[in-house]
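J.: Need a 3D model of the following:
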Amino acid sequence: MEEPCGAGTPAPLRGDAEEPKQGSVLFLGGNEVKSCAVVKYSSAPPQAAFARLQEKTDLKLPPANWLRESAKLGPAGTTILGNSKKSKPFSSFGMAYDFIDSVGNDVDVVSDSENIKKLLKIPYSKSHVSMAVHRIGRTLLLDELDIQELFMRSSQTGDWTWLKEFYQRLIDQKWQRKKKSKEHWYQKAILSKFLYYSINGDGAAQPVPSTSKQHQEGPVAGESDEAGRASWPAPFEMPSALSEDPGASNQGLKNDFVRNILWTFEDIHMLVGSNMPIFGGGRYPAVSLRLRDNNKPINVLTGIDYWLDNLICNVPELVMCFHVNGIVQKYEMIKTEDIPNLENSNFSTKVIKDIAQNILSFLKSNCTKEGHTYWLFKASGSDIVKLYDLTTLCEETEDKYQNPFTMPVAILLYKVACNMMLKKNQNKKHYGTIRTLLLNCLKLLDNGRHPQIIASANYMLSELFQLDEPKKEDGAEFPINGNSDESYSEEEEEMPDSDENGSYSNSSDPPDDNKAVAIIKSVGELSVPEKYKSVHRIRPSCAFPVCHGTEERCRLVLNHVLEGLKSVDSSVKKEGDLPAADPSTPIPLKYEDESTSGGPESLEKQMALFLDKMGSFQKGKHCSQSGMIPGSWQYKMKLQLILKSSRAYYVLSDAAMILQKYGRALRYIKLALQCHDTYCCLCGSMLPEVLVFLCQCLTLCGDIQLMLAQNANNRAAYLEEYNYQTKEDQEILHSLHRESRCQVFAWATDLSTDLEYQLSVSCKCYEAAYEILLFSNLKSQNPEQHIQVLKRMGNIRNEIGVFYMNQAAAVQTERVVSKNVSTTEQQLWKKSFSCFEEGIQNFESIDDATNAALLLCNTGRLMRICAQAHCAAEGDFKREFSPEEALYYNKAIDYYLKALRSLGKRDVHPAVWDSVNWELSTTYFTMATLQQDYAPLSRKAQEQIEKEVSEAMMKSLKYCDVDTVSERQPLCQYRAATIHHRLASMYHSCLRNQVGDEHLRKQHRVLADLHYSKAVRLFQLLKDAPCELLRVQLERVAFAEFQMASQNSSAGKLKTLSGALDIMTKTKGAFQLIRKELVAENEQISKDKSPAESVSVNDSSAGLNKEEVLKLLGIFESRMSFLLLQSIKLLTSSKKKIG
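T.: Numbering: from 1, shown residues only. Have a look, this model is predicted:
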C-alpha cells in the first residue's frame, strides 16, 4: 500500500513506477527545499490520536500496557515505541528484495533512515561513521557496519579476520566504542514509558495477532513473485536460491521496518526504512511525538534529527513534551518548517541539501564497481572521511567469501536482473543492463557453492538473445555505441587529483591512506555547493553486444547454455556412477549407406518405433541416466537449458539452410533433435509449445533432406560440413549423453548417399510432424503449422512420385527387345501413382487447388507414360493403336480434366491453368495422331476411326489457346496449324477413297478446304515453319487437281486451275523464309574456322532439313509445270472451239 505519510486514510494501490500523487513542498527559512514522501509499505494501522498527559504525570512509573503490543499501533510491537534494536547490517537488502522494481533505475539510495540522518549530520557531528556501500545499477545500498560487533563475531566464526587485521594496521587504533551510561538507559526507559502512556489515557493494552508482512505487501512485490513463478523455473525462486548459503537465514535479510518510504529530497530519490511512531491529532492529520528534558536545550544535531524524521515521513507537525526529572511539565506544537529556526538549533536547509547532493555524488563517483563492497569510514573526532573497496582488500586473502556481503549482493544482482527479465518484452533497451547485472552476479559466485544461481543466471543470459529476431533488428535495438540505459551506466574515468572532486589523497596524506579508494579531506567540504560532481558516462560493458549474424547470436546463447549445463551436471551427486567420458573427445557419428540402411522398409520400422516412443512421452514416462530427481532444481533447470539449446541449433540450421549449406544445416538440426530427445527422456509431460517446436524441427529436417536429394552433385562438400563439430557442441553433447542415448531421431538425421532413401526420410519427417500434431490434438490450435506440414507432405509425395515416374520412363527407354511391360515398370507405376494420390489428398484437405491440380497433371503424365509403354517396338509395320494405349490416354485425360475442375477458372492461377490446358491438348493430339497413323482397322471401321480422330483433334484444338499472348503461344499456333493440316489431309484422303454418298463427299470437300485454309493462315503467322507452310500449300494444289479431275466443263476446270496457280504464287512467302534461313546458316558456317566444325554445325543445326526442302522444291516444280501445261491445253482447246 502506498500513501502520503501524513494521510489519515489509505491511498489507492499504485505500482512502483507511478509518480507520487501527493507530496509536500516546504518553505523553510526563506530557502525552498523540495521534499516528497510516499509510503510504499506500512505495517502500522492508521494513525491514532495521542493522549495528552496531565501535568505532573510521573514518567518514571511504568504504565499498565508497557512493552505490550497495542491494537492501535498494530503488530510493530515495541519497535515502534522506541525500543528498536540496532539496524541490521543487511537492512537495505531486505528493502531492496521487497521493492525490487525500484532498485537499479528509479532509486538513488536504499537505506535505513538512521543511516541517512547520520550521513547528513557528518559536518555537524564528531561521532564516528562506518557504513557498507554497494552499487546495484544506479542505486546505492547503505548499511551500518558496526566494526566492534563484527570483530566480536570474528573471534567466534572466523569472518572478517582480514578486516580486523586491516583495521588494526591502518585505522585509528585508539578508537573504542564508548559504553552506554546509566543516564542513556534512563532516558530510553522514560521515553518508552511516555510513548506507552500516550497511546491512550487509560493505559489499556491488548494483544493483537501478528499479520504476515507478505499479505500487506504492495502490489509490485506480490505481482513480481507471482509472475516469477509463472514464467521461470524453480531456480529463479529466491527461497531455494537463498537456502544455498547456510548463513543466509541469520544475516538479517528481512525487511523489519514499520514503514518503507519513497522519499524524494530535491533531485535525490531514496527508499528509506523508518520506525518512527506517528500519531494523529492537532491541526494536521499526523504528528510526531518527542520527549525533551526541560533543563537541556535542543542542539543542532537534535534539530536536524527531528526535521529529517518529519520530512522522511511527511509529518507536518512536531509535538514536544517537556519534563523535569521525569515529571511532565508542558506540551508545545512546532511546525516542521519551523524546526530549523528553533533557538539553539538554527541550521540552513540549503546546506543540508548541499550535503546530501555532495555525499551522493562522492559515493556514485567512487563506488563504481557493481558487486564490490565499499566501506565509508570516519573515525570519531576526525574530519576525514575515507572510502575503501573491501572486495579488493578481501581478494588479497584469496577467499572472496570471507566477505559476508558477497552472497547478499550476488542475490540482489540476480533478483534485480530476474525482475527486469519478467518485463523484458516491455522495453528491450534494458537488455544491456540485465546482462551486466548477471555477469557481475556470476563474478561473485563459486560454481561449487552456488551451482543453482549460476545455472539460472546463465539461462537468463541466454534468454536475452532473441533467436527468432530478424537480423536487421540487431542494430536498431542495440546500437553499437549506445547504451541500453543511460541512467544505469555511470562508469567514471579516473580523475586527476584535484580539490574539486576530492576523490584521491595527495602526497601529503599519511601513508596509511594508500588503501583508500577516495578521501574527503575535510567534512567542511560537504557544505560547499556542488563540491563533488558525478560525471555521467556511458559504461561500455553495459551495452548489449551487437551480433553481426544469426550464427554469432546463437553461439553466444549456446555458450551460456553450456555454462549452465556444467553447473547443473556438477551438482548431480550420481556422476560417479556414470561411465567415464572425455568431453574434448568427439562423439563418433554413425553413417549408414544404402547397403546397411535397409531402405524405406527399415525406415518404416524406425518410424513406428519413434511414434511408439512419442506415445510413451505423452503418457508421462521418463527416465534419467544421471539420477536427477524429477522436480529438483537441477531437473527443471536442465530441461530449460536443453530446450534453449535445441532452439538455438534449430535457428542455426535454418540459417544454414538459407545459405544453402545443407550439410551444416543437417548437422545443426541433428543436434537440435538430440537435445529434444534428451528433453523427452527427462520430461514427464510434453508441453504443447514443445511439441509444436518438435514439429518445426522435423519439418526443417525434412526440408534439408529434400534439398540434399535435389543437390546430389555437392554431396562431398555436404558430407564435410556434416562431419565438422566444435568443442562447444561436443561438450553439450556430453551433457546430453548423461541423460539419454540421443538415438530416437537418428533415422531422420543420417546423411545418406541414396537418393530414394533421402526422399523417403524427408517424407517420414513430415509424416512424423503430422502424426505429432494429430495425436497431441494440436491441429486446431496451430492451424498454420498444420497447413505447412500438409503442404510439405503433398510436395514430397509429388517429388517421390516424379522420381518413380522418371525411373519408369528410363526403364521403358532401355527396353529394346522385349515388347511386354516388365514387372519393374509396373511396380514403379504403382509406387508413383500411390504417391501422387496421397499428395493430392494432402492438398485437397487444405483446399490447395493449385497444387492439387499440379499433382493431378503429373498423374496424367504418368498415365501417358503407361500408354507409351504399351506401344509395340519400332519397325513393326503391322502396329495398331492398342486398347491399353486408349485406356491409359483416356485416364490421363480424366486426370487433366479433374485438374481443370480443381482450379475452376483461369484467374485462380493462370500459369497452372495454361499448363494443364496444354497437357490436355497434347494428350488429345497424341491419341488422335496415333489413331490416325496406326489405325486399329482390325477392331474398328474406317468411318468410326475417322470420327474418333476428328473428335479428338477438335478437343485438342479446344484446349489449345492460340489467342493469349504468352511464351507458349507460338507452340499453340503450331499445334493448331498441325491439327488443321492433319484434319484437312484426313478429309482429303476420305474424299479420294470414298464412293457413293454425294452429300458426305461434299461435306468432306468443304471440311478439307476449310482446314487447309486455317492451317495456311496459322503457319503464315509463324516465322519458323516455312517447310510446313509449303507442304500445306502443295497439298491444297493437289486437292485442287483432284477436284479438277472430276469436273467436266472447261470453264470449271480453268477456274480450278486458276485457283491452284493462285495458291502456287502465294508460296512466295514460304520460299523467302527458306532462303533467309539458308543464308543465315551459310553465314554461320563461313564463320567457323575448320571444315570439321562446319560439318558439325550443319549436322546439328536446328534449322531447315535440306533434304525435305529439296523434295518440296521438286514437287513444287512438277506441280507448277503440270498446272501451266493443263492451263495451256484448256485455253488452246477453248480457242479452237471459238474459232
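J.: Helices of the stretch 301-450 of the chain, residue ranges please.
T.: Taking DSSP state H, counting those that start in this stretch as the criterion, the stretch 301-450 of the chain contains helices spanning 349-366, 390-395, 406-422, 431-444.
J.: Those: lowest mean pLDDT?
T.: Here these differ in mean pLDDT, and the lowest is helix 390-395 at a mean of 76.
J.: Residue 786 touches residue 774, doesn't it?
T.: No: look at residue 786 against residue 774 with C-beta atoms under 8 Å: they stay out of range, at 9.1 Å. The C-beta positions use only the backbone N, C-alpha and C, and glycine is treated the same way.
J.: nearest residue to residue 1067 other than its sequence neighbours?
T.: The shortest distance from residue 1067 to any non-neighbouring residue, by C-beta to C-beta, 6 or more residues apart in numbering, is to residue 1033 (4.9 Å).
J.: can you tell me which residues contact the one you found?
T.: 1016, 1063-1064, 1066-1067, 1070 (C-beta atoms under 8 Å, 6 or more residues apart in numbering).
J.: now with 7 Å?
T.: For residue 1033, the contact set (C-beta atoms under 7 Å, 6 or more residues apart in numbering) comprises 1016, 1063, 1066-1067, 1070.
J.: now residue 288
T.: 276, 278, 309-310, 315, 318.
J.: Please name the nearest non-neighbouring residue to it.
T.: Counting by C-beta to C-beta, 6+ apart, the residue nearest residue 288 is residue 315, at 4.9 Å.
J.: Which parts of this structure belong to which domain?
T.: The record's domain split for the chain, according to the TED database, is 35-155+183-201+255-388, 547-572+604-614+625-757.
J.: Serialize the ones you listed to TSV and add fields for distance to residue 521.
T.: Compiled in TSV, the domains of the chain are given as follows (distance: least, C-beta to C-beta, whole Å):
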stretch	distance to residue 521
domain 35-155+183-201+255-388	6
domain 547-572+604-614+625-757	45
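J.: Check the ones you listed for me: which has the lowest mean pLDDT.
T.: Among those, domain 35-155+183-201+255-388 scores lowest, at a mean of 83.
J.: Distance from that domain to the middle of the chain?
T.: 49 Å (C-alpha atoms, centre = their mean, to the nearest Å).
J.: Give the residue spans of the stretch 751-900 of the chain that score low on pLDDT.
T.: Applying pLDDT under 70 to the stretch 751-900 of the chain picks out residues 816-819, 872-878.
J.: go with 90
T.: 751-754, 768-786, 809-826, 868-885 (pLDDT under 90).
J.: now the strands for it?
T.: Applying DSSP state E, counting those that start in this stretch to the stretch 751-900 of the chain gives no strands.
J.: just the helices in it please.
T.: With DSSP H, counting those that start in this stretch, the ranges of helices along the stretch 751-900 of the chain come out as 755-775, 783-814, 823-845, 849-869, 883-903.
J.: contacts for the last one?
T.: Put plainly, it is helix 883-903. Contacts of helix 883-903 (C-beta under 7 Å, 6+ apart): 849-850, 852-853, 856-857, 859-860, 863-864, 866-867, 870-871, 909, 912-913, 916, 919-920, 923-924, 927, 930.
J.: Please report the distance of residue 465 from residue 549.
T.: To residue 549, residue 465 is 12 Å away according to C-beta to C-beta, to the nearest Å.
J.: In terms of neighbours, single out the busier of the two.
T.: residue 465 (24 against 11; other C-beta atoms under 10 Å).
J.: pretty sure the more buried one is in a helix, no?
T.: No: assessed with DSSP: H, G, I helix; E, B strand; the rest coil, residue 465 is coil; it does not lie in a helix.
J.: Okay, and which of the contacts of residue 288 map to strands?
T.: Secondary structure from DSSP state E places 278, 318 of the contacts of residue 288 in strands.
J.: Using CSV, lay out the contacts of residue 288 together with distance to residue 569.
T.: Listed next are the contacts of residue 288 as CSV, based on distance: C-beta to C-beta, whole Å:
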residue, distance to residue 569
276, 52
278, 54
309, 54
310, 57
315, 57
318, 62
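J.: Only whichever of the contacts of residue 288 are buried, select them in ChimeraX.
T.: Typed into ChimeraX, the line below selects the buried ones among the contacts of residue 288, using 16 or more other C-beta atoms under 10 Å:
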select :276,278,309,310,315,318
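J.: can you tell me which of the contacts of residue 288 lies nearest to residue 361?
T.: Sorting those by distance to residue 361 puts residue 309 at the head of the list, at 24.2 Å, by C-beta to C-beta.
J.: before we move on, back to that, return the member of the contacts of residue 288 nearest to residue 668.
T.: Proximity of these to residue 668 (C-beta to C-beta) peaks at residue 276, which lies at 62.5 Å.
J.: my read: the closest one touches residue 314, true?
T.: No: with contact defined as C-beta atoms under 7 Å, residue 276 and residue 314 do not form a contacting pair (11.2 Å).
J.: which residues are common contacts for these two?
T.: If you check residue 276 and residue 314 against C-beta under 7 Å, 6+ apart, no residue is contacted by both.
J.: element containing residue 707, please.
T.: helix 688-710 (DSSP states H and E).
J.: tilt between that helix and helix 755-775?
T.: If you take axes from the mean of the first three to the mean of the last three C-alpha atoms, to 10 degrees, helix 688-710 sits at 160 degrees to helix 755-775.
J.: Could you look up the next helix or strand downstream of helix 688-710?
T.: For helix 688-710, the following helix or strand on the C-terminal side (DSSP H and E) is helix 715-723.
J.: That following helix - contacts with which helices or strands?
T.: Under the contact criterion of 3 or more C-beta pairs under 7 Å, 6 or more residues apart in numbering; DSSP states H and E, helix 715-723 touches helix 662-682.
J.: Which secondary structure elements does the helix it packs on sit against?
T.: Using 3+ C-beta pairs under 7 Å, 6+ apart, helix 662-682 sits against helix 633-658, helix 688-710, helix 715-723, helix 727-737, helix 746-749.
J.: 8 Å - rerun?
T.: If you count contacts as 3 or more C-beta pairs under 8 Å, 6 or more residues apart in numbering; DSSP states H and E, helix 662-682 packs onto helix 599-618, helix 633-658, helix 688-710, helix 715-723, helix 727-737, helix 746-749.
J.: Let me have those in TSV, adding mean neighbour count and distance to residue 976 as columns.
T.: Below are the helices and strands packed on helix 662-682 laid out as TSV (neighbours: other C-beta atoms under 10 Å; distance: least, C-beta to C-beta, whole Å):
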stretch	mean neighbour count	distance to residue 976
helix 599-618	15	45
helix 633-658	24	45
helix 688-710	22	36
helix 715-723	16	46
helix 727-737	19	62
helix 746-749	22	51
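J.: Residue 130 is nearest to which of these?
T.: Going by C-beta to C-beta, the one of these nearest residue 130 is helix 633-658, 37.7 Å.
J.: Tell me which of the helices and strands packed on helix 662-682 lies nearest to residue 341.
T.: Closest among the helices and strands packed on helix 662-682, using C-beta to C-beta: helix 633-658, at 59.6 Å.
J.: Adding distance to residue 104 as columns, could you present the helices and strands packed on helix 662-682 in CSV?
T.: As requested, those are exported to CSV (distance: least, C-beta to C-beta, whole Å):
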stretch, distance to residue 104
helix 599-618, 41
helix 633-658, 24
helix 688-710, 31
helix 715-723, 44
helix 727-737, 31
helix 746-749, 44
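J.: nearest to residue 326, of those?
T.: helix 633-658 (58.2 Å).
J.: Show me how far that closest one is from its chain's centre.
T.: The answer for helix 633-658 is 11 Å, by C-alpha atoms, centre = their mean.
J.: Taking their axis directions, that helix and helix 688-710 sit at what angle?
T.: Using the same axes, to 10 degrees, helix 633-658 lies at 30 degrees relative to helix 688-710.
J.: Determine the angle, from 0 to 180 degrees, between helix 633-658 and helix 662-682.
T.: If you take the same axes, to 10 degrees, helix 633-658 sits at 160 degrees to helix 662-682.
J.: list the helices and strands helix 633-658 packs on?
T.: The helices and strands touching helix 633-658, judged by 3+ C-beta pairs under 8 Å, 6+ apart, are helix 451-463, helix 550-571, helix 662-682, helix 688-710.
J.: With distance to residue 102 added, can I get the ones you listed in CSV?
T.: Listed next are those as CSV, based on distance: least, C-beta to C-beta, whole Å:
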stretch, distance to residue 102
helix 451-463, 20
helix 550-571, 28
helix 662-682, 37
helix 688-710, 33
